[in-house]
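Undergrad: model this:
(one chain, ligands or ions: 1)
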Amino acid sequence: MRVLLIHSDYIEYEVKDKALKNPELISDEMKKGRMDEVLVAFISVEKVDEKNPNEIVDKAVEEIVNVAKQVKAENLFVYPFAHLSSELAKPSVALEVLKKIEEKLKEKGYNVGRAPFGYYKAFKISCKGHPLAELSRTIVPEAAKEE
Ligand SMILES: C[C@@H](O)[C@H](N)C(=O)N[C@H]1[C@@H](O)[C@H](n2cnc3c(N)ncnc32)O[C@@H]1CO
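TA: Numbering: from 1, shown residues only. This is a model prediction of the structure:
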């Protein structure tokens, strides 16, 4: 998994067209979204993550919470982003992983938003620009490390 973390004044998105034959089913209200004072996690779920999706979910949550505490962000935004890797996991696995990350972050008490999966989306973001405002993480299952 590749994660790009941007601490932002806001993020807003608008769904444009389907990018997959069967994108996530969404309500009209999910077609646009905005969150303010937010730590945005752009996430590419990778093929190697299919070896142990649950472990990847837990590791991603740990990394995101770690940065959220450092930048004192209470709002988090999970953004499916297929452009951080050339070895993408299949959409069915990726969507489940992203939904579980969202769910576990909520369980930890954060306000969590998530952009719809499987669409082309326009988005605007305002990076805060402080030293910890732009971070990236690469997360791999333990099983993949032994190879
Ligand atoms: C396109 C661009 O504007 C938009 N931002 C986009 O990336 N859309 C992606 C993700 O929402 C999702 N998606 C599919 N596979 C994956 C994956 N392995 N990991 C994350 N997302 C995925 O499916 C879309 C097409 O790849």
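Undergrad: Could you list the residues of this protein in contact with the ligand?
TA: Residues of the chain found near the ligand (Cβ under 6 Å from any ligand atom) are 19-20, 43-45, 80-83, 88-89, 91, 94, 117-121. Using the backbone N, CA and C atoms, a C-beta is placed for each residue, glycine as well.
Undergrad: Which of these fall in strands?
TA: Using DSSP state E, the members of the residues of the chain next to the ligand that fall within strands are 43, 44, 80, 119, 120, 121.
Undergrad: which residues touch the worst-scoring helix or strand of the chain on mean pLDDT?
TA: Using mean pLDDT, DSSP states H and E, helix 142-145 stands out as the lowest-scoring helix or strand of the chain, at a mean of 87. The set of residues external to helix 142-145 that reach it, using Cβ atoms under 8 Å, 6 or more residues apart in numbering, is 48, 51, 52, 55.
Undergrad: Just the buried subset of the residues you listed, please.
TA: 48, 52, 55 (16 or more other Cβ atoms under 10 Å).
Undergrad: Helices - which of those land there?
TA: Counting by DSSP state H, the buried ones among the contacts of helix 142-145 place residue 55 in helices.
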